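K.L.:
Output the structure for:
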Amino acid sequence: MIETERTVLRWFCNDDVDGVLSFMGNPEVMRFSLGGPYDRRKCEEFIQIYATEFFAQLEQQARSNIKHELETLEPARRGDQQAARCVTKAS
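P.N.:
Next up is the predicted model:
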């Protein structure tokens, strides 16, 4: 979450349905959208996708990045300097 004196930026949550509906349900706002204005059910689905699936992908990517970093550091931690140099050059 990013917060300033006048603004709060955060991910969508299930409590945001009414707020999302206020703009995604507005025909004027959505006039260039291929899906057209959203109804309440479509807004709930939209939030569900971003509140669960998107976060799951972010978490998976973060775990993958951490795993890679640990694998890269492992040879140096063991004191195997030659292996550490090889891993560094290959990266």
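K.L.:
what sits against residue 66?
P.N.:
Shown here is residue 66, which makes no contacts under the criterion CB atoms under 8 Å, 6 or more residues apart in numbering. C-beta: built from backbone N, CA, C; applies to glycine.
K.L.:
how about the strands of this structure, start to end?
P.N.:
For the chain, the strands defined by DSSP state E occupy 2-3, 8-9.
K.L.:
Now the first one: average pLDDT?
P.N.:
Per-residue pLDDT values over strand 2-3 give a mean of 86.
K.L.:
got the contact list for that strand?
P.N.:
When contacts are taken as CB under 8 Å, 6+ apart, the neighbours of strand 2-3 outside the stretch itself are 8-10.
K.L.:
How much space separates residue 42 from residue 69?
P.N.:
Relative to residue 69, residue 42 is positioned 39 Å away (criterion: CB to CB, to the nearest Å).
K.L.:
Equivalent analysis for residue 38, please.
P.N.:
With distances taken as CB to CB, residue 38 is found 40 Å from residue 69.
K.L.:
Of these two, which one has the most company?
P.N.:
For residue 38 and residue 69, the more surrounded residue by other CB atoms under 10 Å is residue 38, and the numbers stand at 20 against 10.
K.L.:
In this structure, which helix is the longest?
P.N.:
Among the elements of type helix in the chain, defined by DSSP state H, the one spanning the most residues is helix 54-78.
K.L.:
tell me the mean pLDDT over that one?
P.N.:
For helix 54-78, the mean per-residue pLDDT is 72.
K.L.:
Same question for stretch 21-34.
P.N.:
Averaging pLDDT along stretch 21-34 gives 94.
K.L.:
ends of that stretch, how far apart?
P.N.:
Start to finish, the residues bounding stretch 21-34 are 17 Å apart (CA to CA, to the nearest Å).
K.L.:
How far off centre is it?
P.N.:
23 Å (CA atoms, centre = their mean, to the nearest Å).
K.L.:
any idea how far residue 19 is from residue 61?
P.N.:
Taking CB to CB as the criterion, residue 19 is separated from residue 61 by 27 Å.
K.L.:
brain fart, residue 68
P.N.:
As defined by CB to CB, residue 68 lies at a distance of 11 Å from residue 61.
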